[in-house]
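Student: quick one: sequence and predicted model below, then my questions.
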Amino acid sequence: MIAADTTQLRFKPMRYGGSLDHLEYVEVAPIIGREYTKAKIKDILKADNVEEQIRDLAVIISERGVVFFRAKQDDLSVDELKHFTDMVGKLSGRPKENGLHVHPLYRDPGNIPMGNGETDENIYVINSEAAKKLYKTMPGKDSKQPKNLDREWHSDATFEVCPSDFSCLLMEETPAHGGDTLWCSGYEIYDRISPPMREFLDGLTATCAQPVFKNACVAGNYEVMSPRGSPLNVGDSFSPVHPVVRTNRQTGWKSIFAGVGLHVTRINGVYDYEDKMIREYIMRLITQNHDCIARMHWTQGAAAIWNNSCVWHAATPDTHLVPGAIRTGIRASSIGEQPYLDPASTSRREALGI
């Protein structure tokens, strides 16, 4: 048996090349997030050095976790949104055979079309009414108890063998207030864990089962979409095993990944109480360390793109409290590699000498 190489990273970390220095931005918080205040995604796609700019953007997203485009992106077509998201994943080294995610329930009659009246298998429509129809088989959805917003935290498509690397959301309609989205740095959460505990978590995996998709297909009498952005994302089991700690391929930094979230159902190899304790511990780190969080108050036409390998995100389900509130958007997601923990990777703070 050949021992794993603990000195050479599987993927060489990407380095920023300076092609986006002309764009105005502010850092959302010291640890996470960047907001481009005036930049237009369409202008990046039209640039002579478009590949250089998108590759550099992939580096920034991967280091900062999430990037916001505050200016109205209302001139960006659906095809351009898809192309942009696909290019970010492709130019940052995802498997060549992968592409954009196909939503498992695309064939569902409750799949509400986009604002233009069309549907697209690579576009997930953000719409609270659509969610009620698509996920009507979700356990506990009709509970009258106060909502536990812990369950909102997730990383996109963790229920797939190959989850999403990058997701880009363009918000089309927003209420005057409410409906914010939060992102939390999995890099920093990992760094706030003691070295002995980190070493323990490094050796764990989690099962990320999401039976709602198969249940919805059975209830609606239609077949689940397959494949879904990767030759490995097939069938209707939706119960892959992922590492609790994974390496981000773009940076080589470790991040807590499948330790918490909507799709994580079990930490493997530990007793039931230990499983609960580990997940509650990680969630407690998220909720008690709000300096690890970037918050987006949406404005019409704004966009966000994030790296699911190193951040979780959570929508704030409060728009039902705003009379006449409408919150709709369209999201495209690239599909990355099967999550892995590289023995040569380090934490973000270790890599940066912080």
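Tutor: Nice, I can see it. Residues are numbered from 1 along each chain as shown.

Student: so Ala206 sits in a strand?
Tutor: Yes: applying DSSP: H, G, I helix; E, B strand; the rest coil, one finds Ala206 inside a strand.

Student: could you say which helix or strand holds the nearest residue to it once chain neighbours are set aside?
Tutor: Nearest residue to Ala206, sequence neighbours excluded (Cβ to Cβ, 6 or more residues apart in numbering): Ala258, at 3.9 Å. Yep, even glycine has a C-beta here, placed from its N, CA and C like the rest. Using DSSP states H and E, Ala258 is not contained in any helix or strand.

Student: Ala258: what's it in contact with?
Tutor: 158, 205-206, 208, 242-244, 246, 264, 339 (Cβ atoms under 8 Å, 6 or more residues apart in numbering).

Student: low-confidence regions, the stretch 151-300 of the chain specifically.
Tutor: Along the stretch 151-300 of the chain, no part satisfies pLDDT under 70.

Student: can you give me the strands for it?
Tutor: 164-173, 181-185, 205-207, 241-243, 245-247, 254-256, 266-267, 293-296 (DSSP state E, counting those that start in this stretch).

Student: re earlier: got TSV for the contacts of Ala258, with distance to Gly115 and neighbour count too?
Tutor: Formatted as TSV, the contacts of Ala258 follow (distance: Cβ to Cβ, whole Å; neighbours: other Cβ atoms under 10 Å):
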residue	distance to Gly115	neighbour count
Thr158	28	24
Thr205	40	18
Ala206	36	26
Cys208	31	27
His242	34	26
Pro243	38	21
Val244	39	25
Arg246	35	27
Val264	33	25
Pro339	33	28
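
Student: got the residues you listed as a markdown table, with distance to Gly179 columns?
Tutor: A markdown table is the format used below for these (distance: Cβ to Cβ, whole Å):
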| residue | distance to Gly179 |
| --- | --- |
| Thr158 | 23 |
| Thr205 | 34 |
| Ala206 | 29 |
| Cys208 | 26 |
| His242 | 29 |
| Pro243 | 32 |
| Val244 | 31 |
| Arg246 | 29 |
| Val264 | 25 |
| Pro339 | 30 |
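
Student: gap between Leu9 and Val322?
Tutor: 47 Å (Cβ to Cβ, to the nearest Å).

Student: who has more neighbours out of those two?
Tutor: Leu9 (17 against 14; other Cβ atoms under 10 Å).

Student: ok, Asn127 to Thr328 distance?
Tutor: Counting by Cβ to Cβ, the gap from Asn127 to Thr328 is 5 Å.

Student: and Asn122, by the same measure?
Tutor: Distance from Asn122 to Thr328, by Cβ to Cβ: 17 Å.

Student: more neighbours: the two, which one.
Tutor: Taking neighbours as other Cβ under 10 Å, Asn122 and Thr328 compare with Asn122 leading, 22 against 17.
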